[in-house]
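Chemist: Fold the following.
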Amino acid sequence: LIFGSTVEAETLDPHDTVDNFAWRAIYYCYDRLVKFKDGTTEVEPSLAESWEISEDGQTYTFHLRQGITFIDGVPFNAEAVAYSFKRLILLGRPASGTVEGILDIDGIEVVDEYTIRFHLNFPFVPFLGSLATNQASIVSPGIEQYSKGDYAAAWLAEHSAGTGPFYVKEWRRGDVIILARNEAYWGTKPFLREIHIRYIPEAAVLRELLEKGEVDMGEVLTDDQLDALAKVPGIRIFEAPSFAVCRLYLNCSKPPLSDVRIRQAISYAIDYDGIIYAVTKGHAVQMRGPIPQGMWGHDPTVFQYKRDLEKARQLLAKAGYSTGFKISMLIDPGIAAWVDIATIVQANLAEVGISVEIVGYARPTMRAMIDRGEHEISIGYWTPDYPDPDMFAWYWFYSANRGLGGNRSFYSNPRMDELAVGQRAEPDPAKRLEMLKELQRIAVEDAVYVYLYQSTYRAAMREWVKGYVYNPMLLYMPNFDQIYKDYQG
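Modeler: Now for the predicted structure:
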């Protein structure tokens, strides 16, 4: 299978990155204790055959499958599970946010060779679902032979060491990642012998290759390109609702964005409808607060910014910037939609005297700059890894998550910290909902981000691609383990 992507992976270490585009190459090289049932947000057994949860919701005991080996020949057992979660925690990379504050190293107990027990710090309701995410991938302890005091992070950034249906055969940076079938896979063998994830930075080139049949599936294309491809015989455009959102990061640690009035002014100056029409061709809706529509916890009554240039000018004047100011906007020019959005934002803000310089870097560089807080305004997509508002509440607003961990606006507010952490530990749904409502209200009032839109998921593929099943929790991660090609039907 030839898969074309306009975005290149930054690393192949599952315990490092929180980038769905990197996960596309990682996810099926590993297994996890549980997995999402086809096309749903429900979890079912994977490396764990069964489990029990204590009455207080703080202790999870998993009974593991036997007779499984990692791609390097090391046996899978409870020690391997313990190693993986300890490594996730000790690395301290953005991926560790999945268990941060929830599970500590001393809460990991190896009961026997095939039984692992987790003692949580509090009854975290989404815990089971979080174990189906890429970050919870089980890694072979055999990688320690490559460790240079870094838990083998440098080595695993370019290789794989899982029990999954595929493994990384080769990565030629800037060109292609080749995944090969794991012939000794313990589960149902995949149909595909190899998957070539080709990096094709120009969306127009990817579209042309899809039309020619030289690429079987492709992401990420603009909506106008997808609309055009839908008219090409032999190409299918898959569409489905999603929780994927697009937001602008406003770096609250840098003046003048540290002034809430400036952030509010920018929020009022944006032409949301214009962006949705021009960029997504109507395949999106404006966000109303940080938690997407359709997810439990979303507050449909929270304030929603609409374009009001006079209000924006008044706020700028009150902040002492009646004549405007200069600011930069960091993007990856390889993502065509971001170029379009940045151009519109630049024009919108110019109308209130804010001069925006668009600065473009390749995605890995851009993300590293965001992680260090070097941006002023930037842009990004976000899609939840497990079906819970925690993915938006804690990740986006908890001050310790500054950078790629989720808080990409470098926002800090003690009350928001209390709410972001508190809602994770609140077992009463009604009380938790009230906390989430307050969090959403403050998030909008403080204009932490510019909440642009919630999009429809769309992907292009040739008609001969069969077996594709969409899962809203695995966005940009096609089910390579089930896909096959059939040129006859």
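Chemist: Surely Met369 is in contact with Asp332?
Modeler: No: no contact is recorded between Met369 and Asp332 when judged using Cβ atoms under 8 Å, the distance being 10.6 Å. Just so you know, the C-beta spots here come from the backbone N, C-alpha and C atoms, and that holds for glycine as well.
Chemist: who's in contact with Ser5?
Modeler: Shown in contact with Ser5 (Cβ atoms under 8 Å, 6 or more residues apart in numbering): 21, 24, 197-200, 206, 218-220.
Chemist: Make JSON lines out of those and add neighbour count.
Modeler: Below are these laid out as JSON lines (neighbours: other Cβ atoms under 10 Å):
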{"residue": "Phe21", "neighbour count": "22"}
{"residue": "Arg24", "neighbour count": "25"}
{"residue": "Ile197", "neighbour count": "22"}
{"residue": "Arg198", "neighbour count": "19"}
{"residue": "Tyr199", "neighbour count": "18"}
{"residue": "Ile200", "neighbour count": "23"}
{"residue": "Leu206", "neighbour count": "25"}
{"residue": "Gly218", "neighbour count": "26"}
{"residue": "Glu219", "neighbour count": "22"}
{"residue": "Val220", "neighbour count": "22"}
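Chemist: Specify which member of the residues you listed is nearest to Phe3.
Modeler: Nearest to Phe3, judged by Cβ to Cβ, of the contacts of Ser5 is Ile197 at 4.9 Å.
Chemist: picking up where we left off before, so of the contacts of Ser5, which ones are in strands?
Modeler: Among these, the members falling in strands (DSSP state E) are 197-199, 218-219.
Chemist: Turn the contacts of Ser5 into a markdown table, including pLDDT and distance to Tyr249.
Modeler: Formatted as a markdown table, those follow (pLDDT from 0 to 100; distance: Cβ to Cβ, whole Å):
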| residue | pLDDT | distance to Tyr249 |
| --- | --- | --- |
| Phe21 | 91 | 18 |
| Arg24 | 96 | 23 |
| Ile197 | 98 | 27 |
| Arg198 | 98 | 29 |
| Tyr199 | 96 | 25 |
| Ile200 | 95 | 26 |
| Leu206 | 96 | 26 |
| Gly218 | 96 | 27 |
| Glu219 | 92 | 22 |
| Val220 | 88 | 19 |
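Chemist: Make CSV out of the residues you listed and add distance to Pro292.
Modeler: Listed next are the contacts of Ser5 as CSV, based on distance: Cβ to Cβ, whole Å:
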residue, distance to Pro292
Phe21, 20
Arg24, 21
Ile197, 27
Arg198, 31
Tyr199, 29
Ile200, 29
Leu206, 27
Gly218, 25
Glu219, 20
Val220, 19
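Chemist: Tell me the one of the residues you listed nearest His375?
Modeler: Nearest to His375 out of the contacts of Ser5 is Phe21 (Cβ to Cβ; 18.8 Å).
Chemist: Skipping adjacent residues, who's closest to the closest one in space?
Modeler: Val7 (4.3 Å; Cβ to Cβ, 6 or more residues apart in numbering).
Chemist: Do a quick rundown of the helices in this structure.
Modeler: 20-26, 78-91, 127-130, 153-156, 203-212, 223-229, 260-269, 272-280, 309-318, 336-350, 363-371, 390-397, 414-425, 429-445 (DSSP state H).
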